[in-house]
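Chemist: My questions are about this predicted structure, shown below with the sequence.
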Amino acid sequence: VWSESVPFSQYFWDFGDGQTAQGDDVVHTYTITKEGYYDILLHVISPYGCVETATKRIWIVNDNQVNTFTPNGDGINDIFMKGWHIKVYNRNGLLLYDGTDGWDGTYHGEMVPNDTYFYVLYYMSPTGSKTKVGYVTVLR
């Protein structure tokens with residue numbers, strides 16, 4: 001992110017994720033763990049003590065390309081889409097999971113068989129609620 005540089009001014013950034021920075025040209029990387037947005041706040045103090053504030057909302061887009069996960073209890077790739085509201089269905093349209101904790105490859109506490117399952121991702125955008133559909137394969 002950057003702002004027009006005014007000599008001798010001070011620039012204070014708040015990235016909305018608990019991180020801050022100073023300067024007119026800074027780099028910040030977000031760790032995306034859930035749907036929603038971040039509000040970036042910039043305070044600029046001129047050499048004369050004048051304060052200007054600007055806010056920019058950054059919407060999170062889930063371009064998830066993961067189509068396989070391995071819920072085998074080894075702690076690696078055991079949860080699908082944690083932090084996002086998803087519904088997961090089997091080939092017959094039976095709802096197996098609905099929530100934001102991430103799907104662990106079970107239905108009523110029992111492991112589902114290795115197969116392909118379908119999901120609907122629900123997320124917020126600047127124009128309101130949206131959905132995205134996809135599929136995921138469970139392998140153990």
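Modeler: Nice, thanks for sending it over. Residues are numbered from 1 along each chain as shown.
Chemist: What confidence value was assigned to the nearest residue to Asp25 once chain neighbours are set aside?
Modeler: The shortest distance from Asp25 to any non-neighbouring residue, by CB to CB, 6 or more residues apart in numbering, is to Trp2 (4.4 Å). Quick note: C-beta positions are derived from backbone N, CA and C, even for glycine. In the predicted model, Trp2 carries a pLDDT score of 82.
Chemist: what do you get for Asn64?
Modeler: According to the prediction, Asn64 has pLDDT 65.
Chemist: Kindly report the same for Gly83.
Modeler: Looking at Gly83, the pLDDT reads 87.
Chemist: pretty sure it is in contact with Ile60, am I right?
Modeler: No. If you go by CB atoms under 8 Å, Gly83 and Ile60 don't touch, sitting 9.9 Å apart.
Chemist: Overlap of the contact sets of the two?
Modeler: Lys34, Glu35 (CB atoms under 8 Å, 6 or more residues apart in numbering).
Chemist: which residues touch Leu139?
Modeler: Per CB under 8 Å, 6+ apart, neighbours of Leu139: Thr68, Phe69, Thr70, Asn114.
Chemist: Out of those, which is nearest to Ser9?
Modeler: Phe69 (48.3 Å; CB to CB).
Chemist: Pretty sure the closest one sits against Arg140.
Modeler: No. The pair Phe69 and Arg140 does not pass the contact test of CB under 8 Å, sitting 9.9 Å apart.
Chemist: Settle it for me: which of these two has more neighbours?
Modeler: Phe69 (22 against 13; other CB atoms under 10 Å).
Chemist: Mutual contacts of Phe69 and Arg140, please.
Modeler: Any residue near both Phe69 and Arg140 by CB under 8 Å, 6+ apart counts here, and that gives Gly105.
Chemist: Okay, strands next: where are they in this protein?
Modeler: Secondary structure of the chain (DSSP state E): strands at 10-14, 20-22, 37-45, 51-59, 68-69, 85-89, 95-99, 106-107, 110-111, 115-125, 128-138.
Chemist: With respect to burial, which of these scores highest?
Modeler: strand 85-89 (a mean of 20; mean count of other CB atoms under 10 Å).
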